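In: no sequence on hand, only this structure:
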(Lines give C-alpha, C1' and ligand atoms only; values in the text may rest on other atoms or scores of the structure.)
Protein backbone atom coordinates (compact mmCIF):
# COMPACT_ATOMS: atom_id res chain seq x y z
CA UNK A 1 0.00 0.00 0.00
CA UNK A 2 1.35 3.37 -0.90
CA UNK A 3 1.31 6.47 1.22
CA UNK A 4 -1.39 7.97 -0.98
CA UNK A 5 -3.68 4.99 -0.42
CA UNK A 6 -3.22 5.20 3.34
CA UNK A 7 -3.90 8.95 3.30
CA UNK A 8 -7.05 8.48 1.20
CA UNK A 9 -8.30 5.72 3.49
CA UNK A 10 -7.64 7.91 6.55
CA UNK A 11 -9.47 10.86 5.01
CA UNK A 12 -12.48 8.73 4.09
CA UNK A 13 -12.64 7.24 7.56
CA UNK A 14 -12.20 10.60 9.29
CA UNK A 15 -14.73 12.31 6.99
CA UNK A 16 -17.32 9.58 7.51
CA UNK A 17 -16.85 9.74 11.26
CA UNK A 18 -17.15 13.53 11.25
CA UNK A 19 -20.35 13.40 9.20
CA UNK A 20 -21.86 10.74 11.47
CA UNK A 21 -20.98 12.67 14.64
CA UNK A 22 -22.29 15.92 13.19
CA UNK A 23 -25.57 14.25 12.23
CA UNK A 24 -25.98 12.69 15.66
CA UNK A 25 -25.04 15.94 17.42
CA UNK A 26 -27.41 17.98 15.30
CA UNK A 27 -30.29 15.64 16.05
CA UNK A 28 -29.53 15.79 19.77
CA UNK A 29 -29.15 19.58 19.70
CA UNK A 30 -32.33 20.03 17.70
CA UNK A 31 -34.37 17.98 20.15
CA UNK A 32 -32.76 19.68 23.14
CA UNK A 33 -33.54 23.22 21.96
CA UNK A 34 -37.34 22.87 21.87
CA UNK A 35 -38.96 25.47 24.12
CA UNK A 36 -41.05 24.17 27.00
CA UNK A 37 -44.77 24.08 26.42
CA UNK A 38 -46.67 26.45 28.66
CA UNK A 39 -49.41 24.04 29.66
CA UNK A 40 -51.20 24.03 32.99
CA UNK A 41 -52.15 20.99 35.02
CA UNK A 42 -55.62 21.20 33.48
CA UNK A 43 -53.89 20.65 30.09
CA UNK A 44 -54.87 24.09 28.77
CA UNK A 45 -52.35 26.63 27.47
CA UNK A 46 -51.17 29.75 29.30
CA UNK A 47 -53.24 31.90 26.94
CA UNK A 48 -56.46 30.37 28.24
CA UNK A 49 -55.83 31.63 31.79
CA UNK A 50 -56.57 35.11 33.11
CA UNK A 51 -53.39 36.95 34.15
CA UNK A 52 -54.88 38.54 37.26
CA UNK A 53 -57.12 35.86 38.70
CA UNK A 54 -55.50 32.82 37.09
CA UNK A 55 -58.88 31.29 36.26
CA UNK A 56 -59.12 29.17 33.13
CA UNK A 57 -61.43 30.36 30.33
CA UNK A 58 -61.38 27.12 28.34
CA UNK A 59 -64.22 24.66 28.03
CA UNK A 60 -64.15 20.93 28.66
CA UNK A 61 -66.16 18.40 26.68
CA UNK A 62 -68.07 16.17 29.10
CA UNK A 63 -70.21 13.18 28.17
CA UNK A 64 -73.88 13.37 29.13
CA UNK A 65 -75.46 10.59 27.05
CA UNK A 66 -74.54 6.93 26.52
CA UNK A 67 -75.59 4.06 24.30
CA UNK A 68 -76.63 0.63 25.57
CA UNK A 69 -73.00 -0.50 25.27
CA UNK A 70 -71.77 2.26 27.60
CA UNK A 71 -70.24 4.36 24.80
CA UNK A 72 -70.82 8.10 25.11
CA UNK A 73 -72.72 9.64 22.22
CA UNK A 74 -73.78 13.06 23.55
CA UNK A 75 -71.43 15.75 24.79
CA UNK A 76 -71.82 19.05 26.58
CA UNK A 77 -69.28 21.85 26.95
CA UNK A 78 -68.72 23.06 30.50
CA UNK A 79 -66.26 25.65 31.87
CA UNK A 80 -62.90 24.36 33.07
CA UNK A 81 -62.67 24.17 36.86
CA UNK A 82 -59.02 25.26 37.02
CA UNK A 83 -58.62 28.22 39.36
CA UNK A 84 -54.92 28.96 39.03
CA UNK A 85 -52.31 28.49 36.29
CA UNK A 86 -49.65 26.02 37.47
CA UNK A 87 -47.44 25.69 34.37
CA UNK A 88 -44.17 27.46 33.52
CA UNK A 89 -44.33 31.26 33.49
CA UNK A 90 -43.21 32.92 30.23
CA UNK A 91 -39.97 34.83 30.63
CA UNK A 92 -41.60 38.04 29.37
CA UNK A 93 -43.70 38.16 32.54
CA UNK A 94 -40.81 37.40 34.87
CA UNK A 95 -38.27 39.92 33.58
CA UNK A 96 -40.15 43.03 32.56
CA UNK A 97 -38.20 46.21 31.99
CA UNK A 98 -38.99 48.93 34.52
CA UNK A 99 -41.41 51.60 33.30
CA UNK A 100 -39.82 54.75 31.97
CA UNK A 101 -40.82 57.62 34.22
CA UNK A 102 -40.25 61.27 33.35
CA UNK A 103 -37.71 63.12 35.43
CA UNK A 104 -39.27 65.49 37.97
CA UNK A 105 -37.00 68.34 36.86
CA UNK A 106 -37.91 67.92 33.19
CA UNK A 107 -40.76 70.41 33.09
CA UNK A 108 -41.81 72.02 29.84
CA UNK A 109 -41.37 75.74 30.58
CA UNK A 110 -42.61 76.87 27.16
CA UNK A 111 -46.10 75.52 27.83
CA UNK A 112 -46.52 77.73 30.92
CA UNK A 113 -47.22 81.37 30.53
CA UNK A 114 -44.31 83.50 31.63
CA UNK A 115 -45.07 86.73 33.45
CA UNK A 116 -43.95 89.74 31.46
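Out: Received it, and whenever you're ready, just let me know what you need. Quick caveat: nothing in here was measured; it's all calculated off a predicted structure.

In: please report how far residue 48 lies from residue 82.
Out: Distance, residue 48 to residue 82, using CB to CB, to the nearest Å: 9 Å. In short, each C-beta sits where N, CA and C put it, glycine included.

In: pull up the overlap in contacts between the two.
Out: Residues touching both residue 48 and residue 82 (CB atoms under 8 Å, 6 or more residues apart in numbering) are 40, 56.

In: contact partners for residue 103?
Out: Taking CB under 8 Å, 6+ apart, one finds nothing in contact with residue 103.

In: name the element it belongs to?
Out: Assigned by DSSP states H and E, residue 103 belongs to no helix or strand.

In: who's in contact with residue 62?
Out: The contact partners of residue 62, by CB under 8 Å, 6+ apart, come to 75-78.

In: one more time with 6 Å, if that's ok
Out: Residue 62 makes contact with 76, 78, according to CB atoms under 6 Å, 6 or more residues apart in numbering.
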